[in-house]
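**Student:** I need the structure of the sequence given here:
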Amino acid sequence: MAGAVRVDHGTAAGTFSLDGETFEVENNIWVVGDDDECVVIDAPHDVEAILGVVGARRVKAILLTHAHDDHCRMAPALRERVTAPIMLHPDERPLWELTHGDAETGEHLWDLDLADGVTVTVGSGDDAVTLTALHTPGHAPGAVCFSAPALGCVFTGDTLFHGGPGATGRSFSDRPTLEASIRAKLFGLPADTVVHTGHGEDTTIGAEAELLGA
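**Tutor:** Prediction:
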């Protein structure tokens, strides 16, 4: 039996570079699935670390929250290893091209576009779980969170952290847009929804709403 869908977690360390600066960072690796199949959320730093969380399961898709290099750098290499499509919001193309370049053939691009409301289902039968893409621009223009109500959680990438919104002030980011996205798309989720972030520890929607006075 494939069992119930669950959330598995790992970490990988590397660098984040943008606007001529480079920083050491540790990213969370999130894998959602049952014993047979899964989806990977973001592809940071180290393919082997990601595959260590995946195990022997079939990867159905690689879901990217955004295209900062620490979240997408290993996506093409992971795609080659697991033969799964990369899904990314098309507004992220300028950031994607900073890392992966532009190829007229399209071979260096992602495979499927994400948009607000796009769903991806993992698992089988009554145990299947649906992840819904929520377009949350601000940290990046095509930033997306993945809501999994059946699991009581949302995967926010760098849109929302324990302690508040993600960083802005760099290219392609905007603080008012980010806060508006969080209020419109995330703070409507149940207060006890667990927030699985791109970096650092979990939080809840209720805790972050209280911090922002929502």
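
**Student:** Relative to D111, how far out is the closest residue to V40 other than its chain neighbours?
**Tutor:** When the adjacent residues along the chain are set aside, V40 lies closest to I62, with 5.0 Å between them (Cβ to Cβ, 6 or more residues apart in numbering). No exception for glycine: its C-beta is placed from N, CA and C like everyone else's. Computed with Cβ to Cβ, to the nearest Å, the distance linking I62 and D111 is 9 Å.

**Student:** cool, and I205?
**Tutor:** Here the distance between I205 and D111 works out to 31 Å (Cβ to Cβ).

**Student:** okay, those two: which has more neighbours?
**Tutor:** For I205 versus D111, neighbours defined as other Cβ atoms under 10 Å are more numerous around I205 (23 against 14).

**Student:** Could you report the neighbour count for the closest residue to the more buried one other than its chain neighbours?
**Tutor:** Using Cβ to Cβ, 6+ apart and skipping residues adjacent in sequence, the residue nearest I205 is T193, 4.4 Å away. Residue neighbour count, defined by other Cβ under 10 Å, stands at 22 for T193.

**Student:** who's in contact with the worst-scoring helix or strand of the chain on mean pLDDT?
**Tutor:** Ranking every helix and strand in the chain by mean pLDDT, DSSP states H and E puts helix 93-100 at the bottom, with a mean of 93. Among residues not part of helix 93-100, those counted as contacts by Cβ atoms under 8 Å, 6 or more residues apart in numbering are 18, 66-69, 72-73, 76, 88, 108-110, 140-142, 172.

**Student:** now could you export just the CA positions of that helix as CSV?
**Tutor:** Extracted as CSV, the C-alpha positions of helix 93-100 are listed here (Å, rounded to 0.1, in the frame of the first residue of the first chain):
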residue,chain,number,x,y,z
ARG,A,93,11.7,34.3,-16.3
PRO,A,94,14.1,37.3,-15.7
LEU,A,95,15.3,35.7,-12.4
TRP,A,96,15.5,32.2,-13.9
GLU,A,97,17.7,33.5,-16.8
LEU,A,98,20.1,35.1,-14.3
THR,A,99,21.0,31.5,-13.3
HIS,A,100,20.2,29.3,-16.2
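
**Student:** Please name the bridge partners of the residue nearest to V40.
**Tutor:** Taking DSSP bridges, one finds V40, I86 as the beta-bridge partners of I62.

**Student:** my read: it touches E80, true?
**Tutor:** No - between I62 and E80 there is no contact under Cβ atoms under 8 Å: 11.0 Å.

**Student:** More neighbours: which of those two?
**Tutor:** I62 (26 against 10).

**Student:** How about the spatially most central residue of the chain: what's its closest non-neighbour residue?
**Tutor:** Ranked by distance to the mean C-alpha position of the chain (Cα atoms, centre = their mean), the top residue is T65 at 3.1 Å. Here the nearest residue to T65 in space, its sequence neighbours aside, is G157; by Cβ to Cβ, 6+ apart that works out to 2.7 Å.
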